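**Q** Predicted model, plus sequence, below.
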Amino acid sequence: MNHNFCQSCGMPLNATSLYGSEQNGVKNEEYCIYCYCYENGQFKQPFFLLLFF
């Protein structure tokens, strides 16, 4: 499913170069590779949490 924003950090995903990746190299359209989100099938910062008040 193609999302307009990273489902973790909210970054706009308007280019495939911004997509995260699975372990087999396939692009993941739900999460970005930047902002410490998702790369090689894992979240880059699994304990990173943003709180908005």
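**A** It's in.
**Q** Could you identify the longest strand within this structure?
**A** What stands out as the longest strand in the chain, according to DSSP state E, is strand 27-32.
**Q** Report all helices and strands that the next helix or strand after it contacts.
**A** Following strand 27-32 in sequence order, the next helix or strand is strand 38-39 (DSSP states H and E). When contacts are defined as 3 or more CB pairs under 8 Å, 6 or more residues apart in numbering; DSSP states H and E, strand 38-39 packs onto strand 19-21, strand 27-32. (Each C-beta comes from the backbone N, C-alpha and C, glycine too.)
**Q** partner strands of the longest strand of the chain, parallel or antiparallel?
**A** Strand pairing for strand 27-32, using DSSP bridges, gives strand 19-21 (antiparallel).
**Q** Does residue 40 touch residue 27 like I think?
**A** No: Residue 40 is beyond contact range of residue 27, at 11.8 Å (criterion: CB atoms under 8 Å).
**Q** which residues are in contact with both of these two?
**A** residue 21 (CB atoms under 8 Å, 6 or more residues apart in numbering).
**Q** what comes into contact with the longest strand of the chain?
**A** Against strand 27-32 from outside (CB under 8 Å, 6+ apart): 1-3, 6-9, 11, 13, 16, 18-22, 37-38, 43.
**Q** ok so, going back, present the helices and strands packed on strand 38-39 as a markdown table; the columns should include mean pLDDT and mean neighbour count.
**A** Converted to a markdown table, these look like this (pLDDT from 0 to 100; neighbours: other CB atoms under 10 Å):
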| stretch | mean pLDDT | mean neighbour count |
| --- | --- | --- |
| strand 19-21 | 92 | 20 |
| strand 27-32 | 91 | 18 |
